[in-house]
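Engineer: prediction below, plus the sequence it came from.
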Amino acid sequence: EFESVGFIGLGNMGSRMVHNLIKAGYKVAVHDINCNVLKKFSDMGVSTKETPFEVAEASDVVITMLPSSSHVFDVFTGPNGLLQGGNLLRPWLLIDSSTIDPQTSRKLSVTVSKCILKEKKDHWVNPVMLDAPVSGGVLAAEAGTLAFMVGGSEEAYLAAKPLLLSMGKNTIYCGKAGNGSAAKICNNLAMAVSMLGISEALALGQSLGIAASTLTRVFNSSSARCWSSYNPVPGVMEAAPSSRNYDGGFASKLMAKDLNLAAASAIDVGRKCPLTSQALEIYTELCQDGHEARDFSCVFRHYYSGMDE
Ligand code: NAD
């Protein structure tokens, strides 16, 4: 149903997502504040725009993939932002795939719903925003196998699904606006804590004389099995980042970022989350110790295996 797709934020994830949109046959217009990145796209023959507003003017739907809440806020509401047209917006759908806090997603969704469309599209009178953060890193973005967790109007979600599936292999509808963002930070909170649990158990096992490879086999055929149980000890799983000096994978700094969002959201709703606070402390320290670019499973080597030495 969409022909012209705007895309803003051509970083590690966004640049790869755009390639998949182009492969799927969409007419794409892109923007990034980094001129070098933008030039790469114009050299490839992709239509590039100077501002988010110009992207909006050229598109039926706009996707944003930006570092954090403040960038998303600026791109939507700043000078020359997507909503600068205010009362006369061309795209009827704005999809934010950045990982941000649910509160910002909800605020923006209300702001977007108050704008009026330049041209009526079917029964859509006002534009709609979906929060649609992704699970899966750079490799999944490149392969087009991301999972999108989507919050906002269900009707808009169904309309957006084919577009999202051109960049991913799964979409999960999570309910009202902000629920996609909530799902994403809760998923990563669970993953952060499970990695700490698996690392601590493997370290204790080693101290008790069980080889990490044996204990991993036990975990992976017993009740401790989880995504993290495949990961943290070098040499146990050949394909895991731990076996290539924790290269690639999901960077510790992104995990710390997502835990910050979870911690801030917990405060916002008045929920006590003791493991969130502790995990945030540990991953923050890991980054400060210089491991911010390494896969977050390196928390094993730097905090747990050290207990043996
Ligand atoms: P990145 O830093 O590589 O890319 C962000 C891009 O946004 C950059 O090119 C930057 O120049 C651009 N940008 C920043 N401010 C801008 C503005 N005001 N206007 C236009 N462009 C602007 O980040 P990334 O790794 O691609 O991640 C993007 C989002 O996806 C983040 O929210 C991140 O948490 C989330 N995410 C990342 C991964 C991953 O593995 N990298 C996985 C899942 C989710």
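Structural biologist: Arrived safely, thanks for sending. Numbering: from 1, shown residues only.
Engineer: in stretch 290-298, what counts as buried?
Structural biologist: The neighbour-count check on stretch 290-298 (16 or more other CB atoms under 10 Å) flags 291-292, 294-298 as buried. From N, CA and C alone the C-beta is placed, and that goes for glycine too.
Engineer: just flag the most distant two among those residues.
Structural biologist: Greatest spatial distance in the buried residues of stretch 290-298: Glu292 and Ser297, 13.8 Å, computed using CB to CB.
Engineer: got the CA positions of stretch 96-107 in PDB?
Structural biologist: This file holds the C-alpha atoms of stretch 96-107, laid out as PDB (Å, rounded to 0.1, in the frame of the first residue of the first chain):
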ATOM      1  CA  ASP A  96       9.800   4.900  15.100                       C
ATOM      2  CA  SER A  97      12.100   1.900  15.300                       C
ATOM      3  CA  SER A  98      14.600   3.400  17.700                       C
ATOM      4  CA  THR A  99      14.900   2.000  21.200                       C
ATOM      5  CA  ILE A 100      13.500   4.700  23.400                       C
ATOM      6  CA  ASP A 101      11.500   5.000  26.600                       C
ATOM      7  CA  PRO A 102       7.700   4.300  26.400                       C
ATOM      8  CA  GLN A 103       6.900   7.700  27.900                       C
ATOM      9  CA  THR A 104       8.500   9.500  24.900                       C
ATOM     10  CA  SER A 105       6.800   7.200  22.400                       C
ATOM     11  CA  ARG A 106       3.400   7.900  24.100                       C
ATOM     12  CA  LYS A 107       4.000  11.700  24.100                       C
END
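Engineer: tell me the average confidence for that stretch?
Structural biologist: The predicted model assigns stretch 96-107 a mean pLDDT of 98.
Engineer: and for stretch 38-53?
Structural biologist: 97.
Engineer: same question for it: list its buried residues.
Structural biologist: Quick answer for stretch 38-53 (16+ other CB under 10 Å): 38, 41, 46-49, 51-53.
Engineer: quick one: it near the ligand?
Structural biologist: No: figure legend: stretch 38-53 not in contact with the ligand (CB under 6 Å from any ligand atom); closest approach 6.6 Å.
Engineer: who touches that stretch?
Structural biologist: For stretch 38-53, the surrounding residues in contact (CB atoms under 8 Å, 6 or more residues apart in numbering) are 6, 8, 10, 15, 18, 22, 27-32, 55, 58, 62, 75-76, 78, 80-82, 84-85.
Engineer: so which of the residues you listed reach the ligand?
Structural biologist: Answer for the contacts of stretch 38-53 near the ligand (CB under 6 Å from any ligand atom): 8, 10, 31-32, 75.
Engineer: which ones among those map onto strands?
Structural biologist: Among those, the residues falling in strands (DSSP state E) are 8, 31.
Engineer: return the residues in contact with the residue lying closest to Val30 once chain neighbours are set aside.
Structural biologist: Distance criterion CB to CB, 6 or more residues apart in numbering; nearest residue to Val30, sequence neighbours excluded, is Phe7 at 4.8 Å. By CB under 8 Å, 6+ apart, Phe7 lies in contact with 14, 17-18, 21, 28-31, 55, 62-65.
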